[in-house]
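1. Here's a sequence, model it:
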Amino acid sequence: MNFRAFILTMCWVFSSSLSWGQEHPPQRVDSIPGFINDSIRINPLVKPPQEVNDMRRTNKKILRDLKSEQFYDSLYRKSQRNLFTKTLYDLIFKSGQNPSGKMKLDSVISIESEKPFAPYEDLIINNIRIKTLNIYGGSVTDTTYTPLSWFEKTVNSLHVTTKSFTIKQNLLFKPGDYVNAVKLSNNERLLRQLPFIHDARIYIEPVKDCPNEVNILVITQDNWSILPGGSVNGRTRFRVSLNEKNLAGLGHQFKNTAFYDEERDQMWGYEGDYYVNNILGTFIDGRVTYNNRWDRKGIISNIERPFIVNEISNVGQAKFEHQTRVNDFYFYEKDTTYDDLTYDYLETDFWYGHSFGIIQSSLKNPTQLMISARTKYRTYHTRPEGVSADSLYYFHDSRIYLFSINFLRSNFIKGTRIYGYGRTEDVPYGFQLTFTSGYQFQEYDLNRPYTGFLFSRSLYQPNKGYLYYSFAIGTFWNNGQMQDGVFSFNNRLFSKYIKWRKYGIRHFFNLNYTYGINQLGEASITINRDQNLGGIKTSNRAGIQRLTVNYETVLFSPSTYAGFQFALFSFADLAVLADRFPMRISPEAYLGLGFGARLVNEKLIFSNFEIKLAYYPVIPKDERSFIADLDSYPEPRFDNFTEVKPRVVPFR
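-> Modelled structure (predicted):
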C-alpha cells in the first residue's frame with residue numbers, strides 16, 4: 001500500500017474514533033443524486049457523436065475532481081476536531097494547500113455552461129427535486145457541511161429559507177420534457193440572478209434500469225435578505241431604511257424608508273417599494289413605489305417581462321408614473337443653478353418585443369432576431385416659469401415612438417473570482433447589433449425623427465482573459481442637422497486568474513468615452529459612480545464630453561473569518577470633462593492613484609465593504625487631493641446582450 005494513502009486512511013479512522021461519544025451538532029448527510037455517482041448512462045437507442053462522447057468523458061472527469069475535493073474537504077474538517085489529528089494533518093499536507101496539492105485559491109471554475117448537461121441531451125425528465133439551502137451550512141457543490149460557529153447558527157436561525165415553490169415557478173422545464181442542455185444552463189443562470197439567491201446548480205442523475213430517463217436535482221443557496229440602512233447629515237437630518245429582499249421566503253421585496261429634515265416644512269417623509277418577481281410563474285415582474293416626502297410625492301406602478309433568457313420570446317413593459325418633485329437644477333447653457341424647482345408630471349411608458357431564433361447552433365444559444373416597439377408620453381401639470389421654444393427643454397411635454405431591430409447572441413462560461421469572491425459568475429460572450437428609428441413630437445412644434453445604432457461584443461478565454469467593447473451613436477434630426485446626439489464607446493478588460501503563492505491576482509481595465517453632439521439647452525454630463533473610477537464618486541464639474549480610464553489590480557486572499565473574505569486592491573484613475581470638441585487634457589482633469597482593502601461576504605445582502613486611500617496630484621483647484629473613504633463596493637455587472645427595449649442613446 002502506498003505510504004501516503006496509508007497515512008491518510010489512518011488519519012481518517014483515528015479522527016472518527018476520537019469523535020465517538022463527543023458532543024457535536026447534528027450533521028446533515030444529504031447526498032446529491034447523480035453528482036457523487038460517476039456512472040453516466042448512454043441512451044442505447046442513439047449512437048452519440050464523437051463530440052458528445054468527449055463531453056461525457058469530460059463530465060466524468062469533472063465529477064471525479066469534485067468527489068476528490070469533497071473527500072479532502074471532509075478529511076480536513078475531521079482533522080481539526082482534536083490536537084493529534086490536527087498535528088498529523090499539518091505534517092502530511094503543506095501549509096496553504098488543500099490535500100489535493102492545489103492552493104485553496106486554485107479551484108477557479110472555468111467551464112462552458114452547457115457542457116455538464118450535454119451528455120444527457122434528449123433524454124426524458126422523469127422527476128424534479130428541489131433543495132433549498134440556508135445561508136450557512138453546505139454549498140451547492142457539497143450539501144453535507146453543517147454550520148458549526150455561533151455566528152453561522154445565529155444567522156441561519158434568523159433567516160427564512162426560500163420556499164421550494166418559489167424556485168419551482170422559476171424553472172423553464174417540467175417532468176416529461178426532453179433534456180435540453182442550453183435550456184438547463186440558461187435556467188441555472190436565471191436562478192443565480194435572483195437577488196435572494198447566492199448560488200444555484202442543476203444536477204442530472206440517470207434513472208436506474210431506465211436508460212432513456214433522468215432525474216433532476218435543483219439546489220439553491222440563499223443570501224441573507226434583510227438589509228437595514230440609513231444616513232445622518234448633521235443633527236437635523238437623517239434617513240432610516242429596512243429592506244427585505246425575500247419576504248417570507250416568497251422572493252418578494254419590500255423596502256421601507258423614513259426621512260427626517262428639521263429644516264423643511266414637511267419634516268417627516270416616507271417611501272415604500274414592493275416588488276414581486278415572476279408573478280405566478282409567468283416571468284412577469286411587478287413593482288409599486290409610493291413617495292410622500294418634501295421633495296417627492298407620487299406613485300409609480302410597473303409590470304415588465306424582461307428578456308432574461310432566450311426561452312422567453314414575448315417581452316414588454318407597462319409603466320405609469322405620477323410625481324410631484326422639488327429639485328435643484330443646474331442648467332449648463334446658462335451656467336445657472338435653480339434651487340427647489342417644483343414640477344409635476346404624468347408619464348406612461350409601453351413597449352413590446354418578440355424574438356425569433358434565426359441561426360441555430362448545436363448546444364449553444366441561437367442567434368436571435370428581436371423586433372420591438374415603444375411609445376412614451378410625458379405631460380407636465382406644473383412646471384417652472386420661463387418654459388419656451390428655446391429654453392428649459394427638459395420641461396417640454398413630449399411623446400416619442402421608437403422601433404428597433406436587434407440581432408444578438410449570448411452564451412456563457414461559468415467562472416469565479418472575477419467581480420465576485422467565490423460564488424459562481426456567469427461570464428457572457430457574444431454580440432448585439434441594434435438599429436433604432438423613431439419620431440418625437442414635442443411642444444412648440446419641435447418635432448423630429450430619430451435614428452440610432454449600437455454594436456457590442458465580448459470575448460472570453462479563461463486562460464487569456466476577457467474583452468468587451470461597445471459603440472453607440474444616436475441622434476435626432478432637425479432640418480438635416482444632428483441635434484441632441486450622443487456618441488459613446490465603452491471598453492472593459494480583465495486578465496486571466498494569476499496564481500501567486502497562496503494568493504490570486506486579476507487585473508482590470510475600464511475605458512468610457514461619451515460625447516454630446518449639438519446638445520440643446522441645459523444638457524450636460526458629469527462624473528459619477530457609473531464610470532467605475534477608483535477614487536472619484538462625484539464631481540461638481542460638467543461638460544459635453546467625458547473620458548474616464550481606470551486600471552485596477554486585485555489581490556485575492558485565502559483568509560476567511562465567519563464567511564468574510566479579504567482582498568487588497570490598487571488603482572489608477574484618469575477623468576476629463578470638456579465643453580468643446582476636440583477634447584484637451586487641462587488642469588480641470590483628474591489624475592490619481594490609490595489603494596485599499598475589501599471585506600466581502602457574498603452570502604449577506606450588505607456584502608461588500610471597502611476602505612481606500614487616494615491621492616490626486618492633478619485635480620481641479622477647489623476639490624480635495626487626498627481622499628479617504630469607507631463605503632460599500634458596487635459590484636460591476638456584465639452586459640448580457642439582453643437589453644432589447646427601444647431607447648434613445650442616453651446622455652449621462
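2. what's in contact with the helix or strand harbouring residue 610?
-> Per DSSP states H and E: residue 610 is located in strand 608-618. Residues outside strand 608-618 that contact it (Cβ atoms under 8 Å, 6 or more residues apart in numbering) are 534-535, 569, 571, 573, 587, 589-600, 623-635. All C-beta spots, glycine's among them, are computed from the backbone N, C-alpha and C.
3. Let me know the next secondary structure element after it.
-> Criterion used, DSSP H and E; the element after strand 608-618 is strand 626-632.
4. can you pull the buried residues of the strand holding residue 610?
-> Buried residues in strand 608-618, counted by 16 or more other Cβ atoms under 10 Å: 608, 610, 612, 614, 616.
5. Tell me which two in these are the farthest apart.
-> Distance extremes for these: the farthest pair is 608 and 616 at 23.7 Å, using Cβ to Cβ.
6. State the three-state secondary structure for residue 166.
-> Assigned with DSSP: H, G, I helix; E, B strand; the rest coil, residue 166 falls in the helix class.
7. Do I have it right that it meets residue 252?
-> No. Contact criterion Cβ atoms under 8 Å: residue 166 and residue 252 do not qualify, at 9.2 Å.
8. Looking at the two, which one has more neighbours?
-> residue 166 (23 against 17; other Cβ atoms under 10 Å).
9. nearest residue to the more buried one other than its sequence neighbours?
-> In this structure, residue 166 finds its nearest non-sequential neighbour in residue 251, 4.7 Å apart by Cβ to Cβ, 6 or more residues apart in numbering.
10. That neighbour: neighbouring residues, count only.
-> With other Cβ under 10 Å as criterion, residue 251 counts 24.
11. any chance you could map the strands in the stretch 51-200 of the chain?
-> Along the stretch 51-200 of the chain, the segments classed as strands by DSSP state E, counting those that start in this stretch run 110-112, 124-133, 197-207.
12. Tabulate those (JSON lines), appending mean neighbour count and distance to residue 492.
-> Formatted as JSON lines, the strands of the stretch 51-200 of the chain follow (neighbours: other Cβ atoms under 10 Å; distance: least, Cβ to Cβ, whole Å):
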{"stretch": "strand 110-112", "mean neighbour count": "16", "distance to residue 492": "19"}
{"stretch": "strand 124-133", "mean neighbour count": "17", "distance to residue 492": "32"}
{"stretch": "strand 197-207", "mean neighbour count": "22", "distance to residue 492": "24"}
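13. same question for the strand holding residue 610, mean pLDDT?
-> Strand 608-618 shows a mean pLDDT of 87 in the predicted model.
14. ok so, going back, among the contacts of strand 608-618, which ones are buried?
-> Among the contacts of strand 608-618, the ones that count as buried (16+ other Cβ under 10 Å) are 534-535, 569, 571, 573, 589-590, 592-596, 598-600, 627, 633.
15. For the longest strand along the chain, enumerate the helices and strands it packs against.
-> Longest strand of the chain, by residue count under DSSP state E: strand 336-361. With contacts defined as 3 or more Cβ pairs under 8 Å, 6 or more residues apart in numbering; DSSP states H and E, the packing partners of strand 336-361 are strand 314-331, strand 364-382.
16. Can you say which of those strands is packed in most?
-> Greatest average neighbour count among the helices and strands packed on strand 336-361 goes to strand 364-382 (a mean of 17), per mean count of other Cβ atoms under 10 Å.
17. just checking, what packs against it?
-> helix 181-193, strand 314-331, strand 336-361, strand 398-415.
18. From what I see, residue 482 and residue 520 are in contact.
-> No. Applying Cβ under 8 Å, one finds residue 482 not in contact with residue 520, separated by 11.3 Å.
19. shared neighbours, the two?
-> By Cβ under 8 Å, 6+ apart, no residue touches both residue 482 and residue 520.
20. where exactly do the helices run in the chain?
-> Along the chain, the stretches classed as helices by DSSP state H are 3-18, 50-79, 83-92, 150-158, 164-168, 181-193.
21. What is the last one packed up against?
-> What it means is helix 181-193. strand 197-207, strand 210-222, strand 364-382, strand 425-442.
22. Now the ones you listed in JSON lines, please, with extra columns for distance to residue 306 and mean pLDDT.
-> Below are those laid out as JSON lines (distance: least, Cβ to Cβ, whole Å; pLDDT from 0 to 100):
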{"stretch": "strand 197-207", "distance to residue 306": "17", "mean pLDDT": "93"}
{"stretch": "strand 210-222", "distance to residue 306": "20", "mean pLDDT": "94"}
{"stretch": "strand 364-382", "distance to residue 306": "12", "mean pLDDT": "94"}
{"stretch": "strand 425-442", "distance to residue 306": "15", "mean pLDDT": "95"}
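23. Dump those to CSV, plus distance to residue 565.
-> Listed next are the helices and strands packed on helix 181-193 as CSV, based on distance: least, Cβ to Cβ, whole Å:
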stretch, distance to residue 565
strand 197-207, 13
strand 210-222, 16
strand 364-382, 32
strand 425-442, 15
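24. nearest to residue 497, of those?
-> Across the helices and strands packed on helix 181-193, closest to residue 497 is strand 425-442 (Cβ to Cβ), at 11.7 Å.
25. if I read this right, residue 308 contacts residue 191, doesn't it?
-> No. With contacts counted by Cβ under 8 Å, residue 308 stays clear of residue 191, the gap being 11.1 Å.
26. These two: which has the busier surroundings?
-> Between residue 308 and residue 191, residue 191 has the larger neighbour count (other Cβ under 10 Å), namely 20 against 17.
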